[in-house]
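Novice: Sharing a model prediction with you, sequence too.
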Amino acid sequence: MEATVKIIGGKWKGVILFHLLEGTMRFNELQRQMPGVAPRALTRQLRELEEDGLVDRTVYPVVPPRVEYRLTEEARSLKPLLVALNDWGEQWLSTRGITLPALQRTNLEP
């Protein structure tokens, strides 16, 4: 458990991984999905996920540079866990009558 929390326990890491389940995304696409994250924090969390082998970063040699992020095969194995965490969070909010449109579930099935 400690290893898992250490690797995906950053404030935004689970959210980043969850959104990347949808497919490859550019930095600005990810940032739009997570309006509460500062660009610097997003960059830091993406770099840590890349260092841990969960996110692949591809830089295209164009001006301005185009950078894309996608999950590694190893990270895709986290899909059932990420979807379950999302479902649990939605249920927790629902039982308390809390609705947050920005946190609406995407169409991802385990």
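Specialist: Alright, I've got the coordinates.

Novice: Helices of the chain, start to end?
Specialist: All helices of the chain, identified by DSSP state H, fall at 2-8, 13-20, 27-33, 39-51, 73-76, 79-95.

Novice: Out of these, flag the one nearest residue 65.
Specialist: Among these, helix 27-33 comes nearest to residue 65, with 10.2 Å by Cβ to Cβ. Glycine gets a C-beta too; all of them are placed from N, C-alpha and C.

Novice: Find the nearest non-adjacent residue to the residue nearest the centre of the chain, please.
Specialist: With distances taken as Cα atoms, centre = their mean, residue 16 lies nearest the centre of the chain, 1.3 Å away. Among residues not flanking residue 16 along the chain, residue 45 sits closest, at 5.9 Å (Cβ to Cβ, 6 or more residues apart in numbering).

Novice: can you check residue 100 too?
Specialist: Going by Cβ to Cβ, 6+ apart, residue 100 has residue 93 as its nearest residue, at 6.7 Å.

Novice: Surely residue 18 and residue 86 touch.
Specialist: Yes. Counting by Cβ atoms under 8 Å, residue 18 touches residue 86, with 6.1 Å between them.
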